[in-house]
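> Dropping a prediction and its sequence here:
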Amino acid sequence: MKYLSVQQVADKFGVTVRAVQKWAKEGKIDGAMRIGKVWLIPENVVRPYDFEHKTEVKKTKHTKDMLPSEGMRSYSSLNTIFDIINGKYKPGQANDFIQKIDNPKIRTVAEGELMYFKANFGKSAEILHAHISDSDDALAFYAGTMYAFSNFMTERHNVAQIGFEGLRKYMNSVNEKDEEKYAMVVFVFTFVDVLLHSDKADISRMQAMMHNFPMGMRLFAAYIMAHYECFKHDYSKALGIADAAIALSSSIYPIPMIYLHIIAAVCLINMKNIQEAKARFYTALDLASGDGFWSPFIEHHGMLLGLVEVCMKETHSSEFRKIIEHVRHFGHGWHRIRHSEGVTIAKEELTVTEFVVAMLFSKEWSMKEISAYLNISLRMIKQHLSTIYLKLGITRRDELKERMLK
């Protein structure tokens, strides 16, 4: 492997030498080595995310088609719901951001949304329940959406399913000519369908309405589009969508950017670009750590193919345990809502480590590749696979693929 000097990396990214040294010292540059007082940086280094960095984007008609200007505020209701998703604030300051909301009802629902992303799902549902029947349609829909997701994550799957069905009925009752309301419900149900990998998932309606969304929702919509392409296994296209959205935003919107970097990591690990996948995962982790936004990692645990274990188990052990604690609940709810009760769920039968090994092996990783990636002995990988086959009642890799795709 070839290495660059700190000065060369600083020139490459347009930052100071001190910034590069700080990244290396904090472990944000994968593969960086210190020899005496000199840092050597791998030539394929990926730029760690700098919260103060602002990307300058040349404004063209194509740029305008993809994302709005920072000050664009087309619809008042869309700018006063999903406050945490829409919010522009420095990582670690989400609570301060919420406390500045003047309307007490909106502030309370935003607190429920905050609790969801912090993976405090019980508290989130408790806060939101009082507002799911609010006289303000937009606020009720906002509260009802987050309430359904919170129950989804706490194994109250019947409540979540009833909630999603009720919200869908509301969506079907909204007149398409009422652009504000229609854009709001299309945004939500495109996300629900894509998250559940539904065969009914269709991003075209949401794409046609993206010009109506405030910046935070537009960035999150770009994540939904990228996730949809991952669902179709077009990882290069998904990565391009995520990177374009990140590059075209000159401010920090923590939640959508966490999701965008996570989906980029999903793309890269599926392309077996392990070092860059780790770098993107660590960027998402940096953005999430200040506020404790662990829900996105729970939602994507299976798709991340072991990155949660590889990047967090040793260095972020308490956060790792919190994520894993909820992974099984999410997986159970995902399958229960997506499938009928009669479907046997592989994830319920396997331990978390077995599930990760099964996912990697089903995606054509060799046992040696899995062993090196997860830092588990080859003998243990073979043992895990024997246990997986026994638990699932299968004997061949193609059968494993079929089970892991359900």
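Looks like it came in fine. Not measured: the values here are computed from a predicted model.

> Name the residue closest to the centre of the chain, please.
By Cα atoms, centre = their mean, the chain has its centre lying nearest to Tyr259, at 3.2 Å.

> So that one belongs to a strand, correct?
No. Assigned with DSSP: H, G, I helix; E, B strand; the rest coil, Tyr259 falls outside any strand and is helix.

> and it, how far is that from Ala288?
Using Cβ to Cβ, to the nearest Å, Tyr259 is found at 10 Å from Ala288. In short, each C-beta sits where N, CA and C put it, glycine included.

> who touches both of the two?
Shared contacts of Tyr259 and Ala288, defined by Cβ atoms under 8 Å, 6 or more residues apart in numbering, are found at Pro296.

> Quick check: end-to-end length of stretch 266-279?
End-to-end distance of stretch 266-279 (Cα to Cα, to the nearest Å): 12 Å.

> Now do the buried residues in that stretch.
Judged by neighbour count (16 or more other Cβ atoms under 10 Å), stretch 266-279 contains these buried residues: Val266, Cys267, Leu268, Ile269, Asn270, Asn273, Ile274, Glu276, Ala277, Lys278, Ala279.

> Mind checking which of these land in strands?
Using DSSP state E, the subset of the buried residues of stretch 266-279 located in strands is empty.

> got JSON lines for these, with pLDDT and distance to Arg396 too?
Converted to JSON lines, these look like this (pLDDT from 0 to 100; distance: Cβ to Cβ, whole Å):
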{"residue": "Val266", "pLDDT": "97", "distance to Arg396": "26"}
{"residue": "Cys267", "pLDDT": "96", "distance to Arg396": "28"}
{"residue": "Leu268", "pLDDT": "96", "distance to Arg396": "28"}
{"residue": "Ile269", "pLDDT": "96", "distance to Arg396": "24"}
{"residue": "Asn270", "pLDDT": "94", "distance to Arg396": "22"}
{"residue": "Asn273", "pLDDT": "94", "distance to Arg396": "28"}
{"residue": "Ile274", "pLDDT": "94", "distance to Arg396": "27"}
{"residue": "Glu276", "pLDDT": "94", "distance to Arg396": "32"}
{"residue": "Ala277", "pLDDT": "95", "distance to Arg396": "28"}
{"residue": "Lys278", "pLDDT": "95", "distance to Arg396": "31"}
{"residue": "Ala279", "pLDDT": "94", "distance to Arg396": "35"}
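
> Report the distance from stretch 165-181 to the chain centre.
With Cα atoms, centre = their mean, to the nearest Å as the basis, stretch 165-181 stands 26 Å off its chain's centre.

> In the stretch 251-400 of the chain, where is pLDDT below threshold?
Along the stretch 251-400 of the chain, the parts satisfying pLDDT under 70 run over 331-348.

> can you list contacts of whatever helix or strand Asp11 lives in?
Asp11 is part of helix 6-13 when elements are defined by DSSP states H and E. Contact partners of helix 6-13, identified using Cβ under 8 Å, 6+ apart, comprise Leu4, Thr16, Val17, Ala19, Val20, Gln21, Ala24, Val38, Trp39, Ile41, Val45, Arg47.
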